[in-house]
Structure formats: structure tokens, C-alpha cells
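this one's sequence-less:
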């Protein structure tokens, strides 16, 4: 448990010699216990803390329950060097974090007139000041130091004890990030001067089945006397975490993996496939247009998730209905009738027409059965044809993706981007 | 701690009288501690358990660490009536769950020849049998009963003690779900016969600022003597959890909220905005086409995430570049020059042209500044114009969204769908 935190002794190191101190992230809020994927606060903090050099060991989510919050925070502070909790600092009655801290750490709440004044000032000119809510948010538990909230009212709170640091942040992502970046990050770095940035080298791979990558990674790690690799897969892309950046063993593992995987390695670390394709298009002075049937716009959305995509992405047609295929893409009715809407012929035609219509140098076409209905013996669920067209030629590839509607659509988009990527690498400078 | 679980006494109630027993979900895996939003196992199980009638009180994520897994499971089993852990049951060395359970619960692993035989049988006809890996997965900790895995090798495990239930499931979502649905769900229902299905009524709202909904919900809850409402917001849509379905107070809260919010309530429970719009289009025998600039395909993707959308969604143009706007949408160059690419004029023209081009009865157009660059004094970041066109008329609305690129794009799509929804409700039967 945190004992005798001295809020005034701001910057002294908490633990002088420790490398890679242990951290826990606690997310507080009844709504986080439901079934939807909510928040993302814990993921954000996990990324920031592990880059700083902390080892994030546990993430805990707990409801707005006084006892439960207290129990979780007490246990976390006992075991960890750094605990960051988000949520439950708001002005309403279901925000219980302060009360829980008061009880668990015998830290009575005291009113801070300076915080109250600052909050009053912030609200002036806005709607009628809710004095009671602001009073609630002006209370500081004994031993904690307030951290200003650039995007809201509830201040963050930090307490440094002999055994570690406890930080309380609001649950609103923008406010949480604002306080973390402005006040917490630098304090952690100062409190743990032995922290060594802990960035794992990540290899990003596309177009190779996951079990094969698994086996290659295990072999490469074994050859270097390393443990078991972390291999993460998601809708056609796989990432292998190679170990601490800059270490010789990590470099040798990377070389070995690249030797086996070749062009299937599309990037490293934070690269996304859409960014890599965008970079290749810019470098090769190429441009892209798309025609999407079963993906309904998802490919365009992925491409344009990259800021500045307008330099190489000209546009697309969502050819969802038959009429759209016929008219917007001037595809001949008897082609459509003879080969069917799900065919390599149609995918190639869609690719070509999108290229011509948008005056791009490359065109992509996607058509397939994303389900859940619509599959048949001849065209099973998950069958997708992707066409790529360039000035002198075209190709179309048949895929069979597994999973539900959304994964099938996402895998199709990833495969389409990968077709472009491979062409740009193997035939640079050719439209 | 679990004591003296008797695996043979399969179906006797664990706690006879308890209503709404408490549950914890533990996710095990080093990769889950990273920064990406991974998995979703915990969210799936939270949904299933809370519908069954459990109160999910804590979700914990822990790495592949023997001590940590043991400590978390021991604590969880002590405090909860039901603990479900996923992950760490695979055949590789970083899968530590069984060893942790053995140590924490003094439950030595014993080899199960029947499981081994079944796994061997599964693998026949496949690749060379990895006997060692299968042997690893054929070990059962004392006191646990294996649960068959319809989609993989590692069996699930369940232990019923006097104090509650502990379930171990693999981390692969498909395998986890398969075992849960086939074996765990029914066992939980039998073990806790007093369980009462626990479905909260959820009101879904669009187009009203969250603070206003917050205030209305607090007033409505207070009028019924209920506690604090759970209000969740995400990119323009807000959901209010009204309380246990079917209760009179919940119904009265809903009536009160609907009285204040009117048409802003777009659905209940699992409804999505795209589904609701699809339903209205079908009912009104209407059809939709879109033209997207800054959203780059996201609107089409949202609309076509609904299976069967081809009945009412004809297609769209991703008019990302200037040329696309001019040619694919036959927008006049001097219109574009005079009013600019980000203007209500252009949004209305895009809407109209998409409607005409795809022969739909309604057309939507979106153009704006999604950032991070591109904002100016005249057209600030987050400014988005959305046009809606129908046979006899059109309207265009200016929005100013806050946040980063992705939230701005998502809010724009939500606002566009809401424009269609409101028109279809207020002017039914008119294209």
C-alpha cells in the first residue's frame, strides 16, 4: 500500500535502480463491464507505459462499486510500481473513485479552493455554472497532487509513495490523454530515472497463412535461444513481435524471418498496410481507383484512413446493385449474364473500368459472397474475386475466406491492397 | 478458494438461493496487455453471462505469467460465484494456465488417455500428428472435468466447488465460443437455478448532444426513484440503459425519455442505425445511393454491413479527387470553383447526382474536412456538409464535428444516415 506519499517532494525517484518497473492499468466504470468493446483507454495507456519502459502486467476493469474499486486499487498498489486508474472522477453520483480511494487509503477528501476557482473560471461564459458539481470535482484526497485537465473539469490526481505511484485520471478519452501527455508522462520518467524505453520490433506480414508464420517464428526464436514469440493475427495481416528493439538477437531473428518470408513482410512497427500501399503509390507516381461490390466501400475507407490519400487515391465506385455494375462501370450485360456477378471476369472488368473512369494508373475490383446468405454450391460463402488492372494488363485472383460477414469483407480488402503492393514492388514504375 | 470440487456431482446447484451471482472474466495472454484492441472474448462472455443473470463485476487481463495467473485466479475464485478464464491452454510453452491452476489450487495434472485418443483421432488425415503437443493438451488438473472443443484441440475445463465455479477456455474466439455455447452455458444455468435472465432495456438516440441526454436520463431516473443511469456515447450515437427489461419503472422511464426525445430515439436494444435506416427504406419501398468525399467509402461500408442491403442500397461514388467529382458526378467545373469542394452546394449536387446516376429514390452526399490537415479559417477542421436529395427536392446541412480524423468521418456517416432516417419518418412514402 502507498504510505506517506509526500506530494511536495515532486520529482524524486521512486525506485532508484529498478529497470522495467511493473504497472497495472485499472479501468473504472459500470459500462465497461458490458458486452461492447468500449473505451480503449487501457490500450492507450498500455502502449504509452510500455514504450516508456514499464512492464504492464495486469489490466483490470471494475464497475462503479465502492468496495470493488478500493479492493482492486489496494491490491494493485501493493504489487505494482505504477498504477494508473481511469474513470469514476466525474461529478455524478455513480462516480465513486474518490470515495473508494478515501476509504482504501485512509486519505480524507479536502476541498481545494484553488481548483474550485479554476473550474468556476472555465465555466464562465458557458451555461449556468453547476456549483455543486464543481464542488464535487474540487475535492482532493489527502496525499494526492492535482493535475490540470486541459479538456475538461475533473483534475487528474497523482500520489507518490515509497512503494510506487498511483495516478487517477478521468474516463473521457480526450481528457485522460490530455492529462497523461501534459503531466503524467514526464513525472513517470522523472520518478523512474532507470526506465529504458521498451520498444519491441514488430514485423508485419500479409498473404501467408498464420500457422506457417507461427512455425517460422518459433524456429527463428529457437535458433537465437529466445523464448516463444508473440504472433498476432487479424483478418489477413499477421504481426510477429521480435523482442527488444536494437538488440543483436532481435536483428538476427528479423533477418532470418525476412529471408523466409521475403515480400510478404509489408512493414514494421506501426506501419499499416494502407499506409505502405500509399507510400509505394506516391514513390512510383502511381494512382489508384477502386470498384467495390461485396465490400461496399470498406476498401475506399481503408485507403482514405491515411491522411493525404488524395494524392494517389482518385476515387471509386460502390457497385453494389446490378445496375451500378452495368451503368457506372459500363460493364456489358451479356458479360455479366454469362460469367455472373461473382467471377474473375467481372472482377477484372470492374478493375479496368474503375481505372479508366477515374483516370488512375491502377484499378482494383472486388466482387464476392460476404454472407451470411447468398452462398451456393458453385459460389460458396466467402468466395471473393479480386481484379487488378494496369495500363498493359490485368489479373484476377480467386480467394476463399473464412469467418463471418465482417471478417470476410476485411480480408478481401487486405488481399486487394496486397495485390497492389506486390505489383508496385515487383514492377516499379509501371502503371 | 475452490475446495473439494467433485467432478462427478455434475449438475447439483452450487448456491441454491442466490440471485444474480457475481462473475469475473479473466483473459490470459501476453499479447492482450499490448496497446491494440484485441480479442473481444471478455466482451462476448460478459454479454452472455449478464444475459444469463450473472452480475459481471470484474474483468482482468493478465500475461503468460505463472505467478500472476495463479494470484488472479485464486483471488477471483475467493470473491466470485463464477470465474471464466480464457487463454493459455494451447500446446506451446507460453501457455501457462494449466501449470498456474495446478500450483494455485493444488490440483496436479493427470494424463487423460481418452482425451489423447480423441485428439489423435481428430488429427488423423491432417498433417503429421504432433504427439507431444497433443500429450500436453491431454492433461487435466485434478478436480476438473474436460469440456469437448468442437473447433480445436485444447478442451475446456470446469470445476465446481462449494464456493463457485471455475471455467477454463481456450483463447481462440471460435473455440472459446464453441465450448461456451455447447457445454458451459447449460451447466451454469443448471448450477444456478435461481438465475433470472438479466436483460437491460437500452434506448438508442442520435442527433442530440450527450450532455442533454445525460440530464434527461438523470431526471427520468430520479422521478422513478432509480439510481444513476448508464449513458454511453460513441461518434454521434448515444445509448441509455434504462434498467431491467419488463419492469414497470423501466417502462415508465422509457415513456418519459421518448416524450422528451421524440424522433431522436432511433431504436432499442441491439438495433444499429444502419439497420434501422435499411428497415425504413424497405418499408417505404425506397432506395439509396451515396456520393462520398471525405468519408471515402465509410458510409457505404456502414450501410452494407447489414446483410441484405442490396435490396435498398444501389451503390455509390467515392468522389475523393476533384476529377471524380467532376466526371463521375457530372458536377460543373464552375460550380466547384465558385462554391468550393467543401460547400453545401456541392454536398447537394453530389447527393442529387448519386441519386440520378444509380436510379435510386434518395441520394446522400458528404464533403468536408476530416483532417488532420486541410483546415482553414473559412473551412475549419471538422466542417462537413451533408446533402440529401429526393425526387422533388434537396437539403444540405452544415456540421462541425470535433475529434480526430476517424471520429469526424464516423460522425459524418452517422449524421448522414440520420438525415435519411428523419426524412423517411417525417415524409413516409415520398422518394
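Good, I have the coordinates. What you are looking at is a predicted structure, and each value in this text was computed from that prediction instead of being measured.

Spatially nearest residue to the closest residue to chain B within the stretch 301-431 of chain A, not counting backbone neighbours?
Proximity of the stretch 301-431 of chain A to chain B (CB to the nearest CB) peaks at residue A:304, 2.8 Å away. In short, each C-beta sits where N, CA and C put it, glycine included. Excluding the flanking residues, the one nearest residue A:304 by CB to CB, 6 or more residues apart in numbering or on different chains is residue B:296, at 2.8 Å.

shouldn't that neighbour be in contact with residue A:303?
Yes: using CB atoms under 8 Å as the test, residue B:296 is close enough to residue A:303 to be in contact (6.8 Å).

Identify the contacts common to those two.
Contact criterion CB atoms under 8 Å, 6 or more residues apart in numbering or on different chains; residues bridging residue B:296 and residue A:303 by contacting each: A:309, A:313.

re the thing from before, the residue nearest to residue A:304: what's it in contact with?
Applying CB under 8 Å, 6+ apart, the residues near residue B:296 are A:297, A:300-301, A:303-305, A:309, A:313, B:318, B:320, B:409.

Please flag which of those sit within helices.
Among the contacts of residue B:296, the ones falling in helices (DSSP state H) are A:300-301, A:303, B:409.

Closest one of these to residue A:264?
residue A:303 (20.6 Å; CB to CB).

mind checking pLDDT for the closest one?
Turning to residue A:303, the model gives it a pLDDT of 98.

before we move on, what about residue A:43?
So, for residue A:43, pLDDT stands at 87.

Find the helix or strand that it is a member of.
helix A:41-52 (DSSP states H and E).

on contacts alone, who are the packing partners of the next helix or strand after that helix?
Using DSSP H and E, the helix or strand that follows helix A:41-52 towards the C-terminus is strand A:55-62. Where contact means 3 or more CB pairs under 8 Å, 6 or more residues apart in numbering or on different chains; DSSP states H and E, strand A:55-62 is packed against strand A:22-28, helix A:41-52, helix A:66-79, strand B:55-62, helix B:66-79.

what angle sits between strand A:55-62 and strand B:22-28?
160 degrees (axes from the mean of the first three to the mean of the last three CA atoms, to 10 degrees).

Which residue ranges of the stretch 101-250 of chain A form strands?
Using DSSP state E, counting those that start in this stretch, the strands assigned to the stretch 101-250 of chain A run over residues A:109-111, A:139-141, A:145-147, A:156-160, A:165-169, A:200-206, A:230-234, A:237-244.

Quick one: closest of the ones you listed to chain B.
Of all those, it is strand A:230-234 that lies closest to chain B, at 5.1 Å by CB to the nearest CB.

Contacts only, for the spatially closest residue to residue A:352 that is not a sequence neighbour.
Spatial nearest neighbour of residue A:352, excluding adjacent residues (CB to CB, 6+ apart): residue A:389 at 4.1 Å. Counting by CB under 8 Å, 6+ apart, residue A:389 touches A:348, A:351-352, A:354-355, A:362-365.

Name the residues of the helix or strand where residue A:389 lies that are buried.
According to DSSP H and E, residue A:389 maps onto strand A:383-390. For strand A:383-390, a neighbour-count test (16 or more other CB atoms under 10 Å in any protein chain shown) marks A:383-390 as buried.

Surely residue A:419 and residue A:388 touch.
Yes: with contact defined as CB under 8 Å, residue A:419 counts as touching residue A:388 (4.7 Å).

anything in contact with each of those two?
With contacts defined as CB under 8 Å, 6+ apart, the residues adjacent to both residue A:419 and residue A:388 are A:364, A:395.

quick one: low-confidence ranges for the stretch 101-250 of chain A?
Applying pLDDT under 70 to the stretch 101-250 of chain A flags the ranges A:123-130.

List the contacts of the closest residue to residue A:280 other than its chain neighbours.
Closest residue in space to residue A:280, ignoring its immediate chain neighbours: residue A:424 at 4.1 Å, by CB to CB, 6+ apart. Residues near residue A:424 by CB under 8 Å, 6+ apart: A:277, A:280-281, A:284, A:286.

residues near residue A:133, how many?
Residue A:133 is flanked by 16 other residues according to other CB atoms under 10 Å in any protein chain shown.

Enumerate every residue touching the nearest residue to residue A:140 once chain neighbours are set aside.
Excluding its sequence neighbours, the residue lying closest to residue A:140 (CB to CB, 6+ apart) is residue A:112, at 5.0 Å. Taking CB under 8 Å, 6+ apart, we find residue A:112 in contact with A:138-140, A:146.

Could you save those as TSV and add columns showing distance to residue A:20 and neighbour count?
As requested, the contacts of residue A:112 are exported to TSV (distance: CB to CB, whole Å; neighbours: other CB atoms under 10 Å in any protein chain shown):
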residue	distance to residue A:20	neighbour count
A:138	37	23
A:139	35	18
A:140	31	20
A:146	29	21
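
of all those, which two lie farthest apart?
Top of the distance list for the contacts of residue A:112 (CB to CB): A:139 and A:146, 10.0 Å.

Which residue ranges of the stretch 101-250 of chain A form helices?
A:113-123, A:131-136, A:173-179, A:185-191, A:210-223, A:248-261 (DSSP state H, counting those that start in this stretch).

who wins for proximity to residue B:221 among the ones you listed?
Here helix A:131-136 is closest among these (CB to CB), at 16.6 Å.

just how off-centre is that closest one within its chain?
Between the centre of helix A:131-136 and the centre of its chain there are 35 Å (CA atoms, centre = their mean, to the nearest Å).

For the stretch 251-400 of chain A, just list every one of the strands.
For the stretch 251-400 of chain A, strands defined by DSSP E, counting those that start in this stretch occupy the ranges A:265-268, A:288-292, A:313-318, A:362-368, A:383-390, A:393-400.

I'd like to know which of the ones you listed is closest to residue A:79.
Comparing the strands of the stretch 251-400 of chain A by CB to CB, strand A:265-268 comes nearest, at 33.6 Å.

Does the closest one reach chain B?
No: on the criterion CB under 8 Å from any CB of the partner chain, strand A:265-268 is out of touch with chain B, staying 15.0 Å away.

Show me the contact partners of that strand.
Residues contacting strand A:265-268 (CB under 8 Å, 6+ apart): A:201-206, A:237, A:257-258, A:273, A:275-276, A:418, A:421.

do that again at 10 Å, thanks
With CB atoms under 10 Å, 6 or more residues apart in numbering or on different chains as the contact definition, strand A:265-268 has outside contacts at A:201-208, A:237, A:239-240, A:242, A:245, A:254, A:257-258, A:272-273, A:275-277, A:279-280, A:414, A:417-418, A:421-422, A:425.

Please spell out which residues along it are buried.
Applying 16+ other CB under 10 Å to strand A:265-268 flags A:265-267 as buried.
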